[in-house]
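# predicted structure and sequence below. I'll ask about it afterward.
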Amino acid sequence: MTEHTLNVAVIVKLEPDFTEGNVSYNSDGTLNRAETKSILGPHSAVASNAAFYAKVRYGARVAVTTMGPPIAEQALQQAQLLCNAEELHLYSDRIFAGADTLATAEVLKQGISKLDGGKADIVFSGHRASDGETGQTGPQTAWKLGFTFLGNVIHYDIDLRNRTVRAKRLISLQGFYDVVEEVEAPLPVFIAIDPSYKASFHTVSQRLAFEKYQKEAKGRAQNYKQYLKVFNAQQLGADPKLVGLPGSPTIVYKVERIPKAKASRKADVIDGSDREALRKVASKMYEVLEGMVIK
Amino acid sequence: MSEKYQHLYVVIEHDDGKLVPVSLEMLGEARRLMDGFNKKYKADEKVVAVVLGYNAKKMCDELIFFGADAVIYADSPELLHSRNLVDTKVVSSIAKDRELAGKFADASQFIKPRYMFFAADSIGRHLSSTVLAELESGLASDINKLVVEDLEIRHEHKTKGQAMKYEKTLEMYRPDFSGFLWTTILCLDNRNPAIAREYHPQACSIIPGVFAPIECDTSRRGIVVDYQPTFDERDLRVKIIDRKIVKSAVDFDSHKAIVSFGRGVKDAPEQNIRLVTELGEQLEAEIGISLPISKKPFTVGESISNLYMIPDRVIGTSGRKVEPLLYVAAGISGAMQHIAGMKESGFVVAINPDENSPIKDECDVFIKGRMEEVIPLLLEELRKQKPAIEVKK
Amino acid sequence: MAEKYDVAIIGGGSAGLAALKQLSKLGKQAVLIEAGKQPGTKNVSGGILYSKKPKNGLAHNVEDVFGPEFLSDLPIERRITKYMLHSTSRNRVFTMDLTAAHEYQTNFAYTVLMNKLNAWFASQAAESAERQGGGIVSGVHVRSISWLEEGTAIVETDELEPFEVKAIIAADGVNSEVAEITGARPKFTPEQLYQGVKVVVKLPAEIIEQRFGVGPDEGAAHLFAGDVTLNHIGGGFLYTNLDTLSVGAVYHFDSLMGRPAEPDRLVNALLKNAMVSEMIKDEVPVKDEIDRDLPKEEQLRIRFAVSKLIKTWNELRDSYYSPAARKKLVEAGKYKSEEEIKSRLDLVRNELEAKYRTKFVTDYVELEYAAKLVPDGKRCMMKKPYHRNVLFIGDAAGRGVFIGPRIEGLNVGIDDAVRAANAVARAIDRNNYSQQYMGEYYSQLVDDSPYTRDMKEIDKDYLKIFLDASKDVPKDIIGQRYGVVIKLMSSGTLRGLAVGFANLLGYDRLLPLVESEDTYVQVPIELAEKMGRPINAAYEPSIPTLAQRVAKLKYDDDRISHIKVLNPRSEFMKKMVTLCPTNCYTLEEEEVTLQHEACIECGTCSEKTEWRHPRGEKGVIYQYG
């Protein structure tokens, strides 16, 4: 086993494939999960790319983890293709079902402490899932692990000697401006990667290393089961009161249609010099703008 | 009467003393919610603003004018800029602090807030997650509707299948990924004896631009509480090395209206673009462009070109996808790539001299005419109905 | 400190990849730099890949370079067994079987799609290269080349830190930026070029075989001349791939400059021809309009359900018409028998028709639109294809073979690549990269290539075969124009003399006679009118607009503009408004402006603009090529 300079984990999720031709909806507009294919979530894919950067530049050891039913293996395989992971973890147990983000974070925290490579230096997650979209699981897992949390990361570099990470974060202050903040933190850290992250390699040798690891990843992903470890609740040492539905403070109470009367677009054509018509348009514009404000 | 869980704590966001708009929006909704709450339950619970900062105490008065009953203000050079690790611990300590609560109400039984609000933006979404992990309670994110209700709940785990009454429950509505549906999230105690657990605060992060602030009322009075935070040495090793403001406000998401222009400005680019921006101001809209404009096809003054003819303003498959309530396309023919970026808009108005342009099939009102003629008239009509508002940015 | 490598190959088309493979086989380290996201994403070919056995001289063929793996993996489409030339006029067609001419000195001819072919070349070449410490770097665009005093070249790119190499092989195609950066040769001019434009059409495998009368691995190549050319010099082609067709046209660029015609209109003229439309037709589902009065969620559900069913129908149908795919499905246990696949297919179709009122009509399915300039070696091959320690191969050196219906580019590039690689390897062994030792040596190797001879002289035996094929053509049609010539050529003795004489005169004097409107347009039209048979087209193909074709292409848009118009008022630019295959130029009040969202980097406008490829990974991404 080669000496690894860095131990890195990625948290991923298997999500519905929302692309047209693959997704199915019910008549009430809800997702028809049974008829819709599942794939590695797009934000999970970006996180996997971020982990791959650590492997190519620093020779990091990479593990991919996920909590889900047995089919979630597919997410692990697809992620391994992207980041050439050495280790795949699936946390699967009936009692994990119905977990909200806090209960999920509990499971992930337990699992990440059981990596073959030892204590993780960096854990990556995507910005949010494309179905749940809360974006909460990452930070909550970070908190339970006791790792410094860095969100919206668009670039990072590691100082292996000092064991610190330097990351650039993109912070949007809605209604103000965007700030790119450069922050330095000691390892271990939890990085939630910004959707716009793109790994870039700047020398010929790094690019060649990239290709080499990519090819290795293809081979590994084809035999992904060799790298896979499945954990149930007992093997994780998970406290049943803290996971699954029992461990979830929140529940989904109901789902209903948002009352919005949206007529299909058929344009009213008016002449640009017609004052009366323009007056009506102006009035309609204000009406539309007042619409959503809840007084 | 003192209970274990009281008050609505609102975690305020600001940049170096300037309040981010969503902070006032949260306070507005908090005020409305708690006024209703106090009336319904004959209670006197407070809206408490929680602010972390450095030398930014002057914000506190403004917070009270906009609806806070009390402001807990933590001041330290270590809180100049947001660092998740540091902020989470400070906010959580404040939330659990009985002595602080006692400064503005009877807090003899106080353990944690009843409700908490955060902003659903870059900082708030993460901060809310970690704070609630620390406070070991539930969080619903990206909320755009809130109701306090007494609910009868029957749940396999929480109530062991029995029907039980949960009073003063916060119904948190979030729009789902399809945009059609509201999912209502509740944070509920486990009353099943096998897994008994109390979960408070009921917390949510709120989508910017959804709620309205209350009218600024300078006669409002409230209590400002100073808080001296303590820090763990290790946490301070997270250092902010540099901060760069990346661009001026090209922020489509927080605007209800977008006015875009395309190559139809070509006959007199400077004047036409100016007309477009005037229209944008009147509608409090952000300015967008079609892709060709970002390649700077006409010569205009540098300020206009740097401000408007930039890739960040592009709406379309190569740029941003937007869904404002109102979308005005001036001098845009409606290339497929552009349409893909704006077709989810609520109400679409196109201004174009060519009735055969594709945009006609994607708009609700098609004003046939050249923008140099139409926009001045349209502006007049708009101004008659609503005189130009002072835009606070 | 700059990284150092022995050789840089710039451009990951078939030629560049062959050079990489050859160098690696010779134990040399080389790095190939490709601007596209992956090799193959920016290449277009008609396309056919030939392997030749010339009577005189030696051709380095693809199977020589890539070994038996090529023949066992066969990343190609079909092996051509039929080669027909059709003369068209309205709906009349006169067909000549040119299969013999096609097989002249040929081992094999395979139809190919560049994305697939070059991807295969790339994985093979990369594996070999990695063992020598090199490899392929994609998504990188070379921006400039400079030299240190001792001759080492410094390569600067948009994406990477500069690095040093001892030798460079320029394989960056007809629009070679290396040629321009180094000043090795001037840009090609319209008389030296052809503009090729094509579409890839979907057609299930067994339907291709039935319709074109070929076996499971076999294919047909059809050429077209006559009124389909809209009176331009050149011709149309239709090649059968595995489960698609490549349909396109190649015309003299200067003919197009003389009387500009929109490239998409040129390809449409071909598609609308009765014979061609009958060749490309298929069964196509047409979605019904969704009732706007239904609730929005139901509209959504229907839209996605129909999309999914149509996708299923297409996939199932493609499998059903491919014996290999059918077998796989049954073996995988997804279906009990091949008949079951058909019944499932019918079931899906019935659901679409009955439940969603989808209609199945006769039409054709277009998958991808593409265009590229092609160099005519007879007119523009580099006499000295090198500059300092940079060797030029393939289209970058202007080395395309165009002789009547004989069009070859891929095999020429591969042959050049081997010669260049050998010259470079020799230089590495002696540590001498000087122009005399490496460049000149390569130039001599290239001179010996049988392809070079073809670009300089007429081959009399090829001519004979060609004439034999046209023996059914009545003399009175050809006689008026070429009667004397034909008489000469038909006689064995005289032919030898005539050809010798012709070669003395030189191609450039003869070509205007041969490559003329008469040859490509008038004569074929007459043939078709007098001798052709009528073809009835059963339907009218619905041809996509240019906007629709462009919308289907994949781009990674580069925010920085990669083309600069130097003289917006010139006649040249005004013609570009018509000649750009994707309509990137517009004329506004006497000035031509560029709006390049849709640029497919064909090079049509490159001669008189500041023309560069987009930065790494940016620009068009072809799926088929």
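Cool, got the structure. Just so you know, these numbers come straight off a predicted model, no measurement behind them.
# looks to me like C:S123 is in a strand.
No - applying DSSP: H, G, I helix; E, B strand; the rest coil, one finds C:S123 to be helix, outside a strand.
# so which strand or helix has A:N162?
Per DSSP states H and E, A:N162 falls between elements, in no helix or strand.
# what about it, how many residues close to it?
If you count neighbours by other CB atoms under 10 Å in any protein chain shown, A:N162 ends up with 10. All C-beta spots, glycine's among them, are computed from the backbone N, C-alpha and C.
# do the same with C:A274
Residues near C:A274, counting by other CB under 10 Å, number 17.
# cool, and the one 4 residues further on?
Around C:E278 there are 15 other residues, counting by other CB under 10 Å.
# on the three-state scheme, it is what?
Per three-state DSSP, C:E278 ends up helix.
# for the closest residue to it other than its chain neighbours, helix, strand, or coil?
Leaving aside its chain neighbours, C:E278 sits nearest to C:A537 (5.8 Å; criterion: CB to CB, 6 or more residues apart in numbering or on different chains). Judged by three-state DSSP, the three-state class of C:A537 is coil.
# C:A537 touches C:R90, doesn't it?
No - using CB atoms under 8 Å, C:A537 makes no contact with C:R90, being 11.1 Å away.
# near the residue in the stretch 501-625 of chain C that chain B sits nearest to, how many residues? Count them for me, please.
Minimum separation of the stretch 501-625 of chain C from chain B (CB to the nearest CB) falls at C:D557, amounting to 4.2 Å. By the criterion of other CB under 10 Å, C:D557 has 21 neighbours.
# quick check: it vs C:E353, distance?
Distance, C:D557 to C:E353, by CB to CB, to the nearest Å: 40 Å.
# what do you get for A:G117?
When distance is defined by CB to CB, A:G117 is 57 Å away from C:E353.
# of those two, who's got more company?
Comparing A:G117 with C:E353 by other CB under 10 Å, the one with more neighbours is A:G117, at 18 against 14.
# name the nearest residue to the residue of the stretch 251-393 of chain B at minimum distance from chain A, ignoring sequence neighbours.
The nearest approach of the stretch 251-393 of chain B to chain A comes at B:G369, 2.1 Å away (CB to the nearest CB). In space, and not counting its chain neighbours, B:G369 is closest to A:G272: 2.1 Å by CB to CB, 6+ apart.
# same question, A:L160
Nearest residue to A:L160, sequence neighbours excluded (CB to CB, 6+ apart): A:T5, at 5.5 Å.
# and the one you found, what pLDDT?
Here the pLDDT value assigned to A:T5 is 87.
# repeat that for B:A249.
Reported pLDDT for B:A249: 56.
# repeat that for B:K393.
B:K393 is assigned 36 on the pLDDT scale.
# just give me the residue right at the centre of chain A.
Nearest to the mean C-alpha position of chain A, counting by CA atoms, centre = their mean, stands A:G126 at 2.5 Å.
# what about the residue nearest to that residue when sequence neighbours are not counted, neighbour count?
Computed as CB to CB, 6+ apart, the closest residue to A:G126 that is not its neighbour in sequence is A:H43, at 2.7 Å. As a burial measure, A:H43 scores 25 neighbours (other CB under 10 Å).
# grab the longest helix from chain C for me.
Secondary structure of chain C per DSSP state H: the longest helix is helix C:296-320.
# what mean pLDDT does that helix have?
87.
# ok and the residue in the stretch 101-250 of chain B nearest chain A?
B:G138 (2.9 Å).
# identify the residues contacting that residue.
B:G138 makes contact with A:D100, A:L102, A:S248, A:P249, A:T250, B:L132, B:I185, B:C187, B:L188, B:Y199, B:Q202, B:A203, according to CB atoms under 8 Å, 6 or more residues apart in numbering or on different chains.
# between those residues, which sits nearest chain C?
Nearest to chain C, judged by CB to the nearest CB, of the contacts of B:G138 is B:I185 at 21.3 Å.
# make sure that closest one is indeed in a strand.
Yes - assessed with three-state DSSP, B:I185 lies in a strand.
# quick check: it vs A:P16, distance?
Distance of B:I185 to A:P16, computed by CB to CB: 20 Å.
# also B:G124?
Using CB to CB, B:G124 is found at 27 Å from A:P16.
# how about A:A47?
A:A47 is 18 Å from A:P16, where distance means CB to CB.
# who has more neighbours, the two?
Comparing A:A47 with A:P16 by other CB under 10 Å, the one with more neighbours is A:A47, at 32 against 21.
# quick one, what contacts C:L546?
Going by CB under 8 Å, 6+ apart, C:L546 touches C:E262, C:D264, C:T582, C:N583.
# picking that back up, report how many residues lie close to the residue nearest to C:E278.
C:A537: 15 neighbours (other CB under 10 Å).
# which residues sit in contact with it?
C:N91, C:A274, C:S277, C:E278.
# next one: B:L135
B:S92, B:A95, B:K96, B:K112, B:P201, B:A203.
# what do you get for C:V592?
The contact partners of C:V592, by CB under 8 Å, 6+ apart, come to C:V565, C:P568, C:R569, C:S570, C:M573, C:K574, C:M576, C:V577, C:Y585, C:T586.
# just C:Q29 next, same as before
Counting by CB under 8 Å, 6+ apart, C:Q29 makes contact with C:Y5, C:D6, C:V7, C:L23, C:A129, C:Q132, C:G133, C:G134.
# list the contacts of the last one.
Pointing back at C:G134 there. A:L208, C:Y5, C:D6, C:V7, C:L20, C:S24, C:Q29, C:A30, C:V31, C:L32.
# so where is chain A shaky, pLDDT-wise?
Judged by pLDDT under 70, chain A has its weakly predicted residues at A:1-3, A:19-21, A:28-30, A:130-132, A:174-177, A:258-264, A:292-295.
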